[in-house]
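Peer 1: what follows is a predicted structure for the sequence shown.
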Amino acid sequence: MNTTVADQPAETLDRRRSVTFRFLAAPTDVASFGGPVHAGRVLEWIDKAGYACAVGWSRSYCVTAYVGDVRFTRPIESGELVEVTATVVHTGRSSMHLLCSAAAADPTDGIFHEACVCLVIFVAIDDVGRSHPVPAWIPVTDEDKARAADAEMAIGLRADIEQSMATQTYTDDSTATRITTRFLAAPTDVNWGGKVHGGTAMHWIDEAANLCAMRWSGRSTTSAYAGGVRFYRPMQIGHLVELEGRLLHTGDQTMHVSVHVRSGDPRTLDMSLTTHCLTVVTALDDDGQPTEVRQWEPTTPEDRRLNSHAQELVALRKQVIGSALFGVAPQPD
C-alpha cells in the first residue's frame, strides 16, 4: 500500500526527506586536464546524495532514472568545503523527484556559494527488479507546494525533450568532430546493487563531452549545462563501455555535444545503448575565463538536422526554468 506523510511521524519524515553530505574537495577530484574539480565528479557526488535520500524515503533499493537541467554556476576548487544536498520535492507511484544541489565554501569562512543544481529522478526497485510504490510526499508549505508544482510541470516538458532526442538518428553521414572512448567497467565503479553508479556514468559522459569540445576548439573547456541524461538500462561490471561524443552546434562561447553510452559483453561485442545526454561546454581562455569559440558550419543533411535539433532543445529547456525549483537563470546558447 502506498502510504502518505500523514501515516508517519513528522520528525521521521523530515529526517528522511532530505540528505546533506559535507566533505573537503580533494586533489584527486580535480579534472585530469587540470583546473578545478571535474564537473563529472560533482555529478557523482549529487548522484550519491540523491541515492541516499531516495533509499531513505522509499526504504528500498533505487536506481537513477533521469537527470535533468543540470546547471553549473561556479567551479569548485580542491580544498574547498563541499555541501551536497538532495531533497524530495515530488513523488509518483514508484518515483521520487529530488532537487539536488552542490555548494562550496572556503573552510576558513564557511560561506557557501551554489556550484550546481539539478533535478534527479530515482525509481524504487524490489528484490526481483520491479518498480514498487513509495510513500507519497504531500507538500505543506507554500515553497514546497511551488516546488512540487514545478517538478510536476517538468514531467511533460521532459517527455517532449526525450521524444525529440529519441527521434534523432546518428550515422556516419557527418563532418562533425567526434571522439570515441572504450574501456572495461571496473569493480570500483559498482554501486550497492551491483551495477555501475549512475553518477559514474555521468562522470564518463562529462569527460567525453569535454574531450570532444577540446578537440574542436583547441582550448581548455568546462561544462556549463547538461540536460536530458536518460538512463535506458544498467551497465554491468566487466562489460565493455563505449562513449561516443559528437559536436552538434556551436554558440558564441559554447559547444553542444551529444554523448551516447553503450555497453556489452566484451566476448560478443553485442553493444546496447545505456545512456544518452547532450552537454553544453564552454571554451576557456588562458586565464580560465569564457572565450569565443570558432563556429562550426554543418554541411551534410544530417549535420544540419542535428544542429537544428540542438537549437530546439535549447528552446525546450528554457521552459523548464521555474523560480521555485531553480530560480530564473540564463540558458547557454
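Peer 2: Sure thing, it's come through. Residues are numbered from 1 along each chain as shown.

Peer 1: was I right about Tyr232 contacting Thr274?
Peer 2: Yes. Contact criterion Cβ atoms under 8 Å: Tyr232 and Thr274 qualify, at 5.7 Å. For glycine as for every other residue, the C-beta is placed from the backbone atoms N, C-alpha and C.

Peer 1: which of the two has more residues huddled nearby?
Peer 2: Legend: neighbour count by other Cβ atoms under 10 Å for Tyr232 and Thr274, higher for Thr274 (23 against 13).

Peer 1: quick one: secondary structure of the more buried one?
Peer 2: Classification of Thr274 using DSSP: H, G, I helix; E, B strand; the rest coil returns strand.

Peer 1: does it really touch Val229, like I thought?
Peer 2: No. Thr274 is not in contact with Val229 according to Cβ under 8 Å; the separation is 11.3 Å.

Peer 1: and Leu243, bridged to which residues?
Peer 2: Beta-bridge partners for Leu243, by DSSP bridges, are Thr181, Val261.

Peer 1: neighbours of it, how many?
Peer 2: Leu243 - counted by other Cβ under 10 Å - has 24 other residues nearby.

Peer 1: my guess is Gly238 meets Ala185, correct?
Peer 2: Yes. With contact defined as Cβ under 8 Å, Gly238 and Ala185 form a contacting pair (6.4 Å).

Peer 1: between the two, who's got more neighbours?
Peer 2: Ala185 (21 against 13).

Peer 1: was I right to think that one contacts Leu243?
Peer 2: No. At 11.7 Å, Ala185 and Leu243 do not qualify as touching, with contact defined as Cβ under 8 Å.

Peer 1: ok, Lys277 to Glu297 distance?
Peer 2: Careful, residue 277 is Cys; it's not Lys. The gap separating Cys277 from Glu297 is 24 Å, by Cβ to Cβ, to the nearest Å.

Peer 1: which one's more surrounded, those two?
Peer 2: Higher neighbour count among Cys277 and Glu297: Cys277, with 25 against 9, using other Cβ under 10 Å.

Peer 1: so that one sits in a strand?
Peer 2: Yes. When three-state DSSP is applied, Cys277 is found to be in a strand.

Peer 1: how near is Ser308 to His38?
Peer 2: To His38, Ser308 is 31 Å away according to Cβ to Cβ.

Peer 1: whoops, I mixed them up, Asn307
Peer 2: The gap separating Asn307 from His38 is 27 Å, by Cβ to Cβ.

Peer 1: then Tyr225?
Peer 2: 15 Å.

Peer 1: residues in contact with Ser223?
Peer 2: Counting by Cβ atoms under 8 Å, 6 or more residues apart in numbering, Ser223 makes contact with 39-40, 72, 206, 209-210, 279-282.
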